[in-house]
Structure formats: C-alpha cells, structure tokens
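> have a look; sequence and predicted model below, questions after that.
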Amino acid sequence: MRKDGFTLLEIMVSSVILALLAAGMFSVIISSRYLVARSKTRVMAVEIAKAEIERMKSLVDANTFYNSGFFNATGVWRAWDSTTYSPYSVRYRVDNGTGTATYRKVTVQVAWNDTTI
C-alpha cells in the first residue's frame, strides 16, 4: 500500500516546532524594542549632561562661575532646575582640586525613572 501526504502526528509535530520558532522570534523583537527605547533614554541623558557642562563652561568663560550662586559651596550635591529636563533630574557637585591646585572638579549627574523595566 502506498502512502501519500503526511500523517496527523507529523503535522502536529511540525506545528509545535513552528510555534516554538515563532515564539522565539517574537521575544527577540520585544527585547530589541526595549533595548532601543532604553538606548534612546541614555543618549538623551548624555546629551543633557553635555549641555549642562557647556553651561558651566560658559559661566567660567564669563567670569561668573562663583558669583552665579550655584558654585559658592564645594563638596555639596545641588539639584539643577528639574522642570527643564522633565522626566530627567540633573544634579551637580563642585569639589576643590587636590593639593594646592586652583581648579575645581565639577561632576554632573543625570537621573531618570526607567518605566520600561
């Protein structure tokens, strides 16, 4: 007797294999979308930090670094205007240089709530 076509068992096994492959591809697509969104958020935070560093440089260039009210105390974390970069919050800190150095170390920190996790 000659056998044509596939048996029901073969069709069911191939359907299960295809479903597993489709589920794997779906999870890869979802993960990549999450990583792209997270990368965009981080790139924006880096750009905000760069903008704040440039703003501080302009205060130094205009010789208003210590008269601006932001840099009088050293070694203290201070918050920048958080409404400017909603939902990001920007903090900075000014530290004295090491030893007898006359420079200041300025640290800018950008934080945000990652709602995609």
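That came through fine.
> CA only for contacts and neighbour counts going forward, please
OK.
> confirm that Tyr92 sits in a strand.
Yes. Residue assignment for Tyr92, taken from DSSP: H, G, I helix; E, B strand; the rest coil, places it within a strand.
> show me what it is bridged to.
According to DSSP bridges, Arg78, Val108 are recorded as the beta-bridge partners of Tyr92.
> relative to Arg78, how far out is it?
Plainly put, Tyr92 is 6 Å away from Arg78 if you go by Cα to Cα, to the nearest Å.
> quick one, which of these two is more surrounded?
Neighbour totals were compared for Tyr92 and Arg78, and Tyr92 leads with 20 against 16 (other Cα atoms under 10 Å).
> the nearest residue to Val110 once chain neighbours are set aside: neighbouring residues, count only.
The spatially closest residue to Val110, leaving aside those adjacent along the chain, is Val90, at 4.6 Å (Cα to Cα, 6 or more residues apart in numbering). By the other Cα under 10 Å criterion, the neighbourhood of Val90 contains 23 residues.
> and Ala45, by the same measure?
Using other Cα under 10 Å, the number of residues around Ala45 comes to 20.
> try the one 5 residues further on
Using other Cα under 10 Å, Lys50 has 13 neighbouring residues.
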